[in-house]
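[1] sequence and predicted structure below; questions after.
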Amino acid sequence: MGSGRWWFLAAAAACAAAWTWSLARLPERAPVHFGGAGDPDRWAGRAEALWTSGLLALGMALLFAGLVVMVHRAPAHLFTVPHPEYWKRPERLPRLRALVADDLWWIGAWTLLLFAAVQVLVVRAAQLADPRLDGWAFAVLGLYLLAVLGRVGWMLTRRYAVPDPG
């Protein structure tokens, strides 16, 4: 099992833990959407907020797991990678599938960690006298975007580069 898959499973556990933690801490009226400045612009009951966040996280986990399954079954012409003339050769296709699957596990893990952090930040915001997201929310989102963009940049420039023949 690749390291990305292990991280994905750990992130799914962290996401479930954050959701479980929020069960006892989310107030009866909770913010469920925030504007660009961090102020809540939609509220819901506790049950709706928990169901929504839980189903979104579960759906995201299932989406990434499903994409990995599809990677192992999809025809080669559906892969868009740098240097396709190298990677889509029959003898290299299993390695390509393994690399793409691992990349999906990693990005899925980071996405589930984002969901876990958002769950904690929403509970934190809901408990304030003046409910709102603070700078931590923007820092978490920025970190997520940097991680994903960094991974994609590495994938495009290094991961799928043609190895030196020697």
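    Looks like it arrived, so ask away. Because the structure is a prediction, the values reported are computed rather than measured.

[2] quick one: the helices in the chain?
    Remark: helices assigned in the chain by DSSP state H are 3-23, 46-71, 84-87, 93-126, 135-154.

[3] any idea which of those helices gets closest to residue 78?
    helix 46-71 (8.9 Å; CB to CB). Glycine gets a C-beta too; all of them are placed from N, C-alpha and C.

[4] quick revisit: dump the helices of the chain into CSV; add distance to residue 30, mean pLDDT and mean neighbour count as well.
    CSV is the format used below for the helices of the chain (distance: least, CB to CB, whole Å; pLDDT from 0 to 100; neighbours: other CB atoms under 10 Å):
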stretch, distance to residue 30, mean pLDDT, mean neighbour count
helix 3-23, 9, 97, 17
helix 46-71, 4, 97, 16
helix 84-87, 47, 96, 14
helix 93-126, 5, 96, 20
helix 135-154, 15, 95, 13
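
[5] nearest to residue 36, of those?
    Residue 36 sits nearest to helix 135-154 of all the helices of the chain, at 9.8 Å, using CB to CB.

[6] what packs against that closest one?
    With contacts defined as 3 or more CB pairs under 8 Å, 6 or more residues apart in numbering; DSSP states H and E, the packing partners of helix 135-154 are helix 93-126.

[7] for the helix it packs on, which helices and strands make contact with it?
    For helix 93-126, the packing partners by 3+ CB pairs under 8 Å, 6+ apart are helix 3-23, strand 29-34, helix 46-71, helix 84-87, helix 135-154.

[8] coming back round to it: now the helices of the chain in a markdown table, with distance to residue 40?
    As requested, the helices of the chain are exported to a markdown table (distance: least, CB to CB, whole Å):
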| stretch | distance to residue 40 |
| --- | --- |
| helix 3-23 | 16 |
| helix 46-71 | 11 |
| helix 84-87 | 46 |
| helix 93-126 | 7 |
| helix 135-154 | 12 |
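
[9] can you tell me which of these comes nearest to residue 39?
    Evaluated over those, closeness to residue 39 peaks at helix 93-126, with 9.6 Å, by CB to CB.

[10] tell me the angle of that closest one relative to helix 3-23?
    20 degrees (axes from the mean of the first three to the mean of the last three CA atoms, to 10 degrees).
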